[in-house]
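# here is a sequence together with a model predicted from it:
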Amino acid sequence: MSERLIVPQKQRFTRRSLLIGLGAGALAAPLAGCDSGSPQALGILERAEALTHAAQRTFLGENAPLAREFPPGEISAYFKPNGTTDPEDAAYVALKKNNFADWKLEVGGLVEKPMKLSLADLHALPSRSQITRHDCVEGWSCIGQWKGARLSALLAQAGLKREARYIAFFCADTLEQTTDNTGKYYETIGLTDALHPQTILAYEMNYAPLKVEHGAPLRLRVERQLGYKQAKYIMRIEAIDDFAKISRGRGGFWEDRGYEWYAGI
Amino acid sequence: MTSISSALPARAAPSGRVIVRHSALVRVCHWVNAIAFVVLLMSGMQIFNADPQLTWGQTTNFDRPFFSLSAREDDNGDPTAGVTTIFGHQFNTTGVLGASAGDDGTLEEHGFPNWATLPHYQDLAMGRRWHFFFAWILVINGLVYFLNLIFRRHIRELWPSLKDLKDIPHAIVQHVRLRFPTGDEALHYNVLQKLAYLSVVIAFPILVLAGLTMSPGVDAAFPWLLTLFHGRQTARAVHFLLATYLVLFIIVHLVMVVLSGPINNLRSMITGRYRIKETER
């Protein structure tokens, strides 16, 4: 084990200082911004998201493994509602009064055939029922049953244009009061997740019509990602090529407030 | 060669031989790991504060967590006391756990106090950014260390022999008396060191796997992780408990570094050089 022997002073110093210098530099870079939340520090830290996304896509892309599904006995007795639980937005209040009979889902953007679908239309689309675990970014989990129209079927009917890269979901609820209307909830997902078999527009939860606190009349279920991706109170769906121009440009209400766009972790 | 070191003749050193105790790779891995762990611990406490409770199983038992940090509030909703609950037993931990001073000095509801978290204010999103960035560093660094452990047989230095295990009572007595091995005995880790370091080498991969099991994406790709840990919330609890174990290890580790010759110990982890105290006859 000759490498363990003490080597001449000079050589030893050079190699060591190089290694330590490299290591310390890599580690200290984001620390320089420390917890002041400086944009540079955030920029460096955000690189981990790209790495995580790439790593997870390697395992989740081609063969599209499903999120685990559970037997009915595992459904949580209490499913914690989070975010908006009863939107106060006038348009939503009016729709709710009528039990969503007048509600229509708009489908537009980069699609061949823009549509307006009633709840009955959505019920007529190919559906899927699944009992899955909902993981909040805060750390807690609940298990629930969801049934809804497959997003892939809806997008097939509307016909995605070639340029479409993401699907955006615009919601009825305002989660934060702002002067520039950036407090409205919205979400975007990539096509890999949009076309995944478990990605549904849910109108049923735990074998009953979706309740207001959980997003009535329609919410997204994009299993394999965290709770904030599961947009509630969906009013409009758009196929888009870029989300930079929407709201604050980071691809979702919580993404605009610092959370990762790719929420698979 | 199973020795942790290659003994060299003393270079005009009256007080003992100087050996290279740690290879350059182990030294670099040690310090990268140390920095990454501190950031992960502090950002981990930030993340924990978003849901400061632990339960077993797939889902959260909101009514009966086995561990929680919470605040008692007055009629206005202002916190009056911090409460730590462990298996139903409540402890008043005001000022540290459950409720502690905010920036203006008033009592605020925090699982872990501001001074322990990264960032120091409540910010789950930034806490996650720090945590996942340094998780990559810890994992890559850990892989390098483990390759060295296996392919350069570093593991032999940590694996206790039967003779070592029989020596445990004696080693404990010697440690309590603060009598540390000298001479040839000091060329190897003693049995308590071996067991302590081995436990850390085992704890880290489990800690990382438990962390990965909290990821819904990883769970879909590797469902066996959920089976291994009996659910996401159990994995979250295991992640937290192993981190706690590592904190306890580090406290003991630092105390022992100080008690058994801090300069010599620190130097051995920076330059590699370690002076053996010769046995007095």
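Perfect, I can see it now. Residues are numbered from 1 along each chain as shown, chains lettered A, B, ... in the order given.
# what's around the residue of chain A found nearest chain B, how many residues?
Residue nearest to chain B within chain A: A:Gly264 (2.8 Å; C-beta to the nearest C-beta). Any C-beta I mention is one placed from the backbone N, CA and C, and that applies to glycine too. Residues near A:Gly264, counting by other C-beta atoms under 10 Å in any protein chain shown, number 24.
# one more: A:Gln40?
For A:Gln40, using other C-beta under 10 Å, the count is 11.
# give me the element B:Ile250 is part of.
Using DSSP states H and E, B:Ile250 sits within helix B:232-259.
# hmm, that helix touching chain A?
Yes - Helix B:232-259 is in contact with chain A by C-beta under 8 Å from any C-beta of the partner chain, via B:232-233, B:236.
# mind putting those residues in CSV, pLDDT and neighbour count included?
Shown next, in CSV, are those (pLDDT from 0 to 100; neighbours: other C-beta atoms under 10 Å in any protein chain shown):
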residue, pLDDT, neighbour count
B:Arg232, 97, 26
B:Gln233, 98, 26
B:Arg236, 98, 27
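# B:Leu207: what's it in contact with?
B:238-239, B:242-243, B:246 (C-beta atoms under 8 Å, 6 or more residues apart in numbering or on different chains).
# in JSON lines: these, plus distance to B:Gln193.
Formatted as JSON lines, the contacts of B:Leu207 follow (distance: C-beta to C-beta, whole Å):
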{"residue": "B:Val238", "distance to B:Gln193": "25"}
{"residue": "B:His239", "distance to B:Gln193": "26"}
{"residue": "B:Leu242", "distance to B:Gln193": "20"}
{"residue": "B:Ala243", "distance to B:Gln193": "22"}
{"residue": "B:Leu246", "distance to B:Gln193": "16"}
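# quick one on the thing from earlier: show me what the helix holding B:Ile250 is packed up against.
Other elements packing on helix B:232-259 under the criterion 3 or more C-beta pairs under 8 Å, 6 or more residues apart in numbering or on different chains; DSSP states H and E are helix B:24-49, strand B:53-54, helix B:191-213, helix B:224-229.
# just to revisit the earlier point, closest to A:Pro217 among the contacts of B:Leu207?
B:His239 (37.6 Å; C-beta to C-beta).
# which residues in the stretch 51-200 of chain A form strands?
All strands of the stretch 51-200 of chain A, identified by DSSP state E, counting those that start in this stretch, fall at A:105-109, A:115-117, A:127-135, A:141-150, A:166-174, A:184-190, A:200-205.
# among the ones you listed, which is nearest A:His53?
Nearest to A:His53, of these and by C-beta to C-beta, is strand A:184-190 at 9.3 Å.
# and the strands of the stretch 51-200 of chain A as CSV, adding mean neighbour count and distance to B:Thr279?
Below are the strands of the stretch 51-200 of chain A laid out as CSV (neighbours: other C-beta atoms under 10 Å in any protein chain shown; distance: least, C-beta to C-beta, whole Å):
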stretch, mean neighbour count, distance to B:Thr279
strand A:105-109, 18, 80
strand A:115-117, 16, 86
strand A:127-135, 20, 58
strand A:141-150, 22, 57
strand A:166-174, 23, 71
strand A:184-190, 22, 66
strand A:200-205, 24, 73
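# in JSON lines: these, plus distance to B:Leu69 and mean pLDDT.
Below are these laid out as JSON lines (distance: least, C-beta to C-beta, whole Å; pLDDT from 0 to 100):
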{"stretch": "strand A:105-109", "distance to B:Leu69": "42", "mean pLDDT": "98"}
{"stretch": "strand A:115-117", "distance to B:Leu69": "46", "mean pLDDT": "98"}
{"stretch": "strand A:127-135", "distance to B:Leu69": "21", "mean pLDDT": "98"}
{"stretch": "strand A:141-150", "distance to B:Leu69": "19", "mean pLDDT": "98"}
{"stretch": "strand A:166-174", "distance to B:Leu69": "30", "mean pLDDT": "98"}
{"stretch": "strand A:184-190", "distance to B:Leu69": "30", "mean pLDDT": "98"}
{"stretch": "strand A:200-205", "distance to B:Leu69": "31", "mean pLDDT": "98"}
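# below-threshold pLDDT in the stretch 51-200 of chain A: ranges please.
A:61-63 (pLDDT under 70).
# what segments of it are helices?
A:90-97, A:119-124, A:151-158, A:191-194 (DSSP state H, counting those that start in this stretch).
# and of these, who's closest to A:Thr178?
That would be, of the helices of the stretch 51-200 of chain A and by C-beta to C-beta, helix A:90-97, which comes in at 16.8 Å.
# contacts only, for B:Ala203.
B:242, B:245-246, B:249.
# tell me how far it lies from A:Trp146.
Look at B:Ala203 and A:Trp146: by C-beta to C-beta, to the nearest Å, they are 37 Å apart.
# go ahead and flag the most central residue of the chain.
You didn't say which chain, so I picked chain A. Taking C-alpha atoms, centre = their mean, the centroid of chain A lies closest to A:Lys229, which sits 2.7 Å from it.
# not quite, I wanted chain B
Chain B, centroid-nearest residue using C-alpha atoms, centre = their mean: B:Leu246 at 2.3 Å.
# which residue is the nearest non-sequential neighbour of that residue?
Excluding the flanking residues, the one nearest B:Leu246 by C-beta to C-beta, 6 or more residues apart in numbering or on different chains is B:Ala203, at 6.1 Å.
# and B:Val247, by the same measure?
Nearest one to B:Val247, counting by C-beta to C-beta, 6+ apart, is B:Leu41 at 6.9 Å.
# pLDDT wise, what is the one you found at?
The score at B:Leu41 is 98. That number is its pLDDT.
# thought it was touching B:Thr244?
No - using C-beta atoms under 8 Å, B:Leu41 is not in contact with B:Thr244; the gap is 9.8 Å.
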